[in-house]
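Participant: Here is my input; please provide its structure:
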Amino acid sequence: MSIDATGRVVQSDSGYDLVIERTYRAPIADVWASIVEPERLNRWIGTYEGGTGVGKRISFFMTAEGDGPPEQVHIHECVPPTRLRVESMQGGWMMAAALSENDGMTTLVFTQVLTDPASAEDTGPGWEYYLDRLGAALAGAPFAEWDAYYPAQQDHYRRSWQAAVGQD
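Facilitator: Predicted coordinates for the structure are as follows:
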């Protein structure tokens, strides 16, 4: 079984961005807590240690993929409950989450700056998987299997980045 990819690669001021949107049947405060509170974050992707706030660094532990060394993450922007922007100090990736609520439904627009648009072939399916895990954690539902995303969604993201750079 595969799950349809929904994200896209777009040109931006920073070069190229991976953009994925999800709408969750949950209030914005609940979704926000799930991306910024260590215990809630750990339900779907990982956890962190350290002080929070703009300009701070945290140690992020990716628990969804087993135990591994922590990654240092710099917080660039944090505007509860609508905007979070962070940068991985090891991987050099910048990502943002923008949230809005309408009638008890929260839309999350996830954006990751791509240093190479072709990397979306691998990065896109990963974020699709994790954002769906977030939705499952919010709903108390089981997680889908990784194989439903990767390599099944690679062609979608290959076509998307090629269209964004004019290679379609």
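
Participant: what about the closest residue to Ser14 other than its chain neighbours, which helix or strand?
Facilitator: Nearest residue to Ser14, sequence neighbours excluded (Cβ to Cβ, 6 or more residues apart in numbering): Val113, at 4.8 Å. The way it works is simple: take the backbone N, C-alpha and C, and place the C-beta from them, glycine included. Following DSSP states H and E, the helix or strand that holds Val113 is strand 105-114.

Participant: Give the other helices and strands that that strand contacts.
Facilitator: strand 15-24, helix 28-36, strand 94-102, helix 120-139 (3 or more Cβ pairs under 8 Å, 6 or more residues apart in numbering; DSSP states H and E).

Participant: swap the cut-off to 6 Å and go again
Facilitator: With contacts taken as 3 or more Cβ pairs under 6 Å, 6 or more residues apart in numbering; DSSP states H and E, strand 105-114 sits against strand 15-24, strand 94-102.

Participant: Using CSV, lay out those together with mean pLDDT.
Facilitator: CSV is the format used below for those (pLDDT from 0 to 100):
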stretch, mean pLDDT
strand 15-24, 97
strand 94-102, 98
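
Participant: For those, give me CSV that also has distance to Ala164 and mean neighbour count.
Facilitator: Converted to CSV, the helices and strands packed on strand 105-114 look like this (distance: least, Cβ to Cβ, whole Å; neighbours: other Cβ atoms under 10 Å):
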stretch, distance to Ala164, mean neighbour count
strand 15-24, 6, 19
strand 94-102, 17, 17
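
Participant: Which of those strands sits closest to Ala139?
Facilitator: Among these, the nearest to Ala139 by Cβ to Cβ is strand 15-24 (7.9 Å).

Participant: Just want the angle from that closest one to strand 94-102.
Facilitator: 30 degrees (axes from the mean of the first three to the mean of the last three Cα atoms, to 10 degrees).

Participant: Go ahead and confirm Leu108 touches Glu21.
Facilitator: No - here Leu108 lies out of contact with Glu21, judged by Cβ atoms under 6 Å, at a distance of 7.1 Å.

Participant: a markdown table for the helices and strands packed on strand 105-114, including distance to Ile35?
Facilitator: Output for the helices and strands packed on strand 105-114, formatted as a markdown table (distance: least, Cβ to Cβ, whole Å):
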| stretch | distance to Ile35 |
| --- | --- |
| strand 15-24 | 11 |
| strand 94-102 | 6 |
